[in-house]
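> next input, structure requested:
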Amino acid sequence: LYWAKEQGLLIIAYSVAPYYLAEGRLRAFKIDHLFSHLYTWYGYEVDYESGNLPQNIVPRYKSRIPNIRRLDVSTIKPNPIGLVKLVEECELDINNSYLVGDSLDKDIALAQKVGVVDIWARYGKKVLPQSIETLSKITHWSSGEEKRHERAQVEIVPTFTIDDFSEIKKIIIPLQLNLF
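Numbering: from 1, shown residues only. Model (predicted):
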């Protein structure tokens with residue numbers, strides 16, 4: 001991400017997580033300052049000023065992301081409406097924009113549907129076999145969603161695949177200025 005920022009790329013976080021979790025992850029990794037925008041599900045409102053925070057949310061510092069857009073849950077991935085809004089509101093050229101994601105069915109298929117260049121972060125799917133059973137027990141997915149996800153692993157062919165984030169340097173031409 002630091003390389004992308006140094007190249008002048010516009011870096012946008014686009015997440016299906018509730019706002020406070022998505023923003024909190026970027027803060028926890030201390031990379032929120034690298035992002036110009038955060039597009040995410042509004043989730044549950046977090047009022048940092050009043051101290052009325054959901055349990056287990058303790059802000060260490062305020063977000064440094066200048067533009068935060070909370071989306072209605074019906075418009076988030078894999079629904080293309082959220083990504084289309086992002087592209088339009090940020091006035092992006094989709095031919096010069098990349099979506100890096102670890103989910104073939106939620107990220108890569110979405111990018112292909114909207115016309116954004118897709119990069120599959122295969123490293124995000126490296127899970128120990130014993131963890132898959134645990135994940136299926138604790139996930140909110142219905143059996144239909146699990147089947148859709150399984151089919152996607154076979155049917156969706158990403159344009160680019162990376163096994164380490166630094167590999168984007170080989171794909172993204174610095175003159176192409178949008179990354180989310």
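> per-residue pLDDT of N96, please?
Reported pLDDT at N96 in the predicted model: 88.
> same check, this time on N52
Reported pLDDT for N52: 56.
> just L135 next, same as before
For L135, the pLDDT comes out at 47.
> again, but for A28
The model reports A28 with a pLDDT of 86.
> and it, how many neighbours?
The criterion is other Cβ atoms under 10 Å. On that basis, A28 has 10 neighbouring residues. No exception for glycine: its C-beta is placed from N, CA and C like everyone else's.
> the helices in this structure, which residues?
2-6, 19-28, 80-89, 109-114, 129-138, 143-155 (DSSP state H).
> how about stretch 83-100: buried residues?
Residues of stretch 83-100 classed as buried: 83-84, 86-87, 90, 92, 94, 96-100 (neighbour count, 16 or more other Cβ atoms under 10 Å).
> how about these in TSV, adding distance to R25?
Supplementary listing: these in TSV, determined by distance: Cβ to Cβ, whole Å:
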residue	distance to R25
L83	19
V84	24
L86	18
V87	23
C90	21
L92	23
I94	26
N96	27
S97	22
Y98	20
L99	18
V100	15
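> what is the nearest of those to K30?
When those are ranked by distance to K30 (Cβ to Cβ), V100 comes first, at 19.3 Å.
> contacting residues around the longest strand along the chain?
In terms of residue count, the longest strand belonging to the chain (DSSP state E) is strand 10-18. The list of residues contacting strand 10-18 from outside it, by Cβ atoms under 8 Å, 6 or more residues apart in numbering, reads 1, 4-5, 22, 25-26, 34-44, 65, 76-77, 82-83, 86, 90, 92, 99, 106, 177-180.
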